[in-house]
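**Q** Got a predicted model here, sequence first, then my questions.
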Amino acid sequence: MDKKNFDDRWLYIPIIVLAIYLFIRLVDQSKIISIFPLDKYNDWSSYMSQLHFLKVCGFHNLCSYWYNGFINLQISQPGWYFFIYPLYLITNNVQLTAYLSLILTLLLSFIAIYFSRNKLNLSKIKVIAVFLFFFANAISIGNFIRLGKVHEFFGWFNLIAIFIFLLIYKDKKIDYKFLFIIPFYFFAILSHQNSALISSLAIVGLILIKDLREKLKVIYISLIPIILTSFWWLDYIKNFFNTTSKTILVSNTLTSINQATYNDNIVATIIPIIFFASLYFYLRSINNRKKEFLFLLPQSIIAFLLLTRLIIFVPFMNHVFPDSYALFLLFFTILMIFKIDFSIFKNYKKFIPIILVLVSLASVTLNIIFTPSFIEHTVLEKNTLSVLENVEEKFMILNTPSRRTSYPEAYYSYAAIYLNLSTPSGWYPSMVSKDYINKLSLPETYLKNRDCSSLKESLYGLEAKEIISYDDYCKVLADCEFEQRMNKDNVCLYKIK
């Protein structure tokens with residue numbers, strides 16, 4: 001592509017802005033190495049504990065730490081855990097391992113894009129830009145760095161590798177080298193349901209543009225990782241409908257606009273519009289429009305379903321987060337923009353540098369506003385950890401005064417990893433049924449209502465022996481004739497007599 005059609009100098013300022021902010025967020029998140037995350041805005045604690053469970057319980061074995069026993073990695077996707085487990089054995093530090101996996105995934109993703117630059121017709125500056133526009137945007141930083149969806153993040157490395165294969169073989173015959181897509185598709189399936197579905201949709205685009213013989217080659221090769229991963233997904237599907245997983249339609253955040261769903265609705269509106277605008281200019285600036293349109297048809301359908309919110313009603317597809325679909329569209333949008341012949345659109349060309357700078361600044365601004373920095377321990381967390389050290393039997397945490405900084409589920413992860421403690425609750429509700437989740441909510445309700453009899457009955461039913469609670473609820477437990485074991489300022493530990 002002629003440089004005068006897309007001047008690499010347009011990318012300098014966006015690259016600097018996004019690179020600096022990505023570095024700042026990575027440094028901030030590195031606190032996780034020494035401080036266990038106990039706040040509400042993190043999935044890190046859940047995945048770190050499940051990595052620990054792989055070590056102490058094994059794969060597909062009964063694990064007693066959560067929910068009064070569950071089959072480990074039966075409902076959780078095991079891809080990231082398998083990938084990072086050797087590093088965990090080396091470091092013997094689950095927090096360090098989790099953070100290093102973040103850095104390693106970023107590094108592998110950059111390497112995949114960089115070494116494919118010639119076949120994708122990308123300059124070195126564009127490679128850096130693709131990487132930063134994708135991994136340093138507000139969606140990626142919020143989901144992968146701050147929230148810590150590390151298993152899905154690893155899935156995205158494999159998705160990017162798959163996309164690169166598809167883009168290369170879009171314009172060439174399927175040969176033996178296409179077999180190298182197998183390990184990436186294998187881990188995409190095992191890493192997350194989002195990456196499993198998105199990778200399959202992307203492969204459909206390649207199938208659509210090939211002749212019959214080539215179609216069959218792609219299909220046969222794609223079937224290999226599907227068959228190889230059956231050791232996990234057969235059991236997953238068998239048990240899926242007995243858990244809350246079947247009822248969790250994450251796309252339902254698009255059904256209403258409120259503080260909790262505001263970001264999803266913005267993303268599901270803006271990204272599809274940008275995708276369609278880019279697709280329009282891209283198709284107008286190339287010759288083989290039909291082929292390119294068919295190749296990008298799965299992405300176009302996703303963009304339409306997101307924009308119209310019809311995605312909510314499509315089975316299976318409504319189990320994928322809107323953010324994941326947005327990233328799927330964003331990757332191809334970035335590449336389309338870099339391949340548009342802007343000499344055809346001279347009236348628009350002068351706006352491109354301004355738009356790129358504004359997009360990068362807007363992404364950083366949104367992240368600063370909506371994505372909190374790493375939350376360190378307050379006095380509340382320090383006191384709770386001190387009390388937790390004295391727990392001896394199955395326990396629950398009830399009525400915490402601040403779920404923002406003290407998330408009970410995060411303590412259940414900490415207790416399992418560092419104190420070898422079990423709880424009838426846990427930090428991965430997809431493992432259990434909706435009825436069980438409802439039972440877990442009862443003790444807090446009964447404690448608030450000072451219903452001593454029902455509180456004890458619900459705890460007996462859950463096999464909980466000890467309770468950590470706070471402030472006035474400590475007095476309620478005493479009035480209900482629970483045995484006091486410890487007090488630390490406003491935090492207390494009680495045992496059922």
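**A** That came in fine, so what should we check first? Remember, predicted model here, so these are calculated numbers, not experimental data.
**Q** Please count neighbours and contacts with C-alpha atoms only from this point.
**A** Will do.
**Q** Pull up the gap between the residue sitting nearest the centre point of the chain and residue 9, please.
**A** In the chain, the centroid-proximal residue (C-alpha atoms, centre = their mean) is residue 149; its distance is 3.4 Å. Taking C-alpha to C-alpha, to the nearest Å as the measure, residue 149 and residue 9 are separated by 34 Å.
**Q** quick one: contacts of the worst-scoring helix or strand of the chain on mean pLDDT?
**A** With mean pLDDT, DSSP states H and E as the measure, the helix or strand of the chain carrying the lowest mean pLDDT is helix 346-349 (a mean of 74). If you take C-alpha atoms under 8 Å, 6 or more residues apart in numbering as the criterion, helix 346-349 is touched by 342, 343.
**Q** What helices and strands are in contact with the next helix or strand after that helix?
**A** Downstream of helix 346-349, the next assigned helix or strand under DSSP states H and E is helix 352-370. Packing partners of helix 352-370 (3 or more C-alpha pairs under 8 Å, 6 or more residues apart in numbering; DSSP states H and E): helix 12-29, helix 138-140.
**Q** Could you identify which of the ones you listed is most buried?
**A** helix 138-140 (a mean of 22; mean count of other C-alpha atoms under 10 Å).
**Q** now it: how far from the chain's centre is it?
**A** 11 Å (C-alpha atoms, centre = their mean, to the nearest Å).
**Q** Which strands or helices does it pack on?
**A** helix 352-370.
**Q** which residues of the stretch 151-300 of the chain fall in helices?
**A** Ranges of helices in the stretch 151-300 of the chain, per DSSP state H, counting those that start in this stretch, are 182-191, 193-209, 212-228, 230-240, 262-284, 289-295, 297-308.
**Q** Nearest approach to residue 357 belongs to which of these?
**A** Nearest to residue 357 among the helices of the stretch 151-300 of the chain is helix 262-284; the distance by C-alpha to C-alpha comes to 15.3 Å.
**Q** Could you tell me the end-to-end distance of stretch 38-51?
**A** 17 Å.
**Q** what does it contact?
**A** 36-37, 72-73, 81, 85, 94-95, 98, 146-151, 375, 377, 381, 403-411, 413-414, 416-417, 427-428.
**Q** Specify the next element, helix or strand, located C-terminal of the host helix or strand of residue 387.
**A** According to DSSP H and E, residue 387 maps onto helix 379-388. Of the helices and strands lying after helix 379-388 in sequence (DSSP H and E), the nearest is strand 395-397.
**Q** After that following strand, which helix or strand is next?
**A** That would be, after strand 395-397 and using DSSP H and E, helix 408-418.
**Q** between that following helix and helix 379-388, what angle do the directions make?
**A** Computed with axes from the mean of the first three to the mean of the last three C-alpha atoms, to 10 degrees, the direction of helix 408-418 lies at 50 degrees from that of helix 379-388.
**Q** ok, of the contacts of stretch 38-51, which come out buried?
**A** 36-37, 72-73, 81, 85, 94-95, 98, 146-151, 375, 377, 381, 405-411, 413-414, 416-417, 427-428 (16 or more other C-alpha atoms under 10 Å).
**Q** still on that earlier bit, tell me which of the helices of the stretch 151-300 of the chain sits nearest to residue 129.
**A** That would be, of these and by C-alpha to C-alpha, helix 262-284, which comes in at 16.6 Å.
**Q** Count the neighbours of residue 256 for me.
**A** 11 (other C-alpha atoms under 10 Å).
**Q** Tell me how far it lies from residue 263.
**A** 11 Å.
**Q** what does residue 482 give?
**A** 44 Å.
**Q** How about residue 363: what's its closest non-neighbour residue?
**A** With sequence-adjacent residues excluded and distances taken as C-alpha to C-alpha, 6 or more residues apart in numbering, residue 363 is closest to residue 138, at 5.1 Å.
**Q** which stretches of this protein have low pLDDT?
**A** 1-5, 246-251, 259-260 (pLDDT under 70).
**Q** picking up where we left off before, I'd like the helices and strands packed on helix 352-370 as CSV, with distance to residue 111 appended.
**A** CSV is the format used below for the helices and strands packed on helix 352-370 (distance: least, C-alpha to C-alpha, whole Å):
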stretch, distance to residue 111
helix 12-29, 16
helix 138-140, 18
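**Q** of all the ones you listed, which lies closest to residue 391?
**A** Nearest of the helices and strands packed on helix 352-370 (C-alpha to C-alpha): helix 12-29, 29.5 Å.
**Q** Show me what that closest one is in contact with.
**A** Outside helix 12-29, the residues touching it (C-alpha under 8 Å, 6+ apart) are 128-129, 132-133, 136-137, 141, 145-146, 356-357, 360-361, 364, 373-374.
**Q** List the contacts of residue 419.
**A** residue 389.
**Q** So the protein: which segments form each domain?
**A** 8-35+74-370, 379-495 (automatic domain parsing).
**Q** quick one on the thing from earlier: just name the most buried of the helices of the stretch 151-300 of the chain.
**A** Stretch with highest mean neighbour count among these: helix 182-191 (a mean of 25; mean count of other C-alpha under 10 Å).
**Q** list the helices and strands that one packs on?
**A** By 3+ C-alpha pairs under 8 Å, 6+ apart, helix 182-191 packs against helix 79-91, helix 150-169, helix 193-209, helix 212-228.
**Q** Quick check: what element follows the first one along the chain?
**A** In other words, helix 79-91. helix 94-114.
**Q** chain center to that next one, what's the gap?
**A** For helix 94-114, the distance to the chain centre is 14 Å (C-alpha atoms, centre = their mean).
**Q** and what of stretch 120-138?
**A** 21 Å.
**Q** quick one on the thing from earlier: which stretch among the helices of the stretch 151-300 of the chain comes nearest residue 123?
**A** For these, proximity to residue 123 was assessed by C-alpha to C-alpha; helix 262-284 is nearest, at 18.5 Å.
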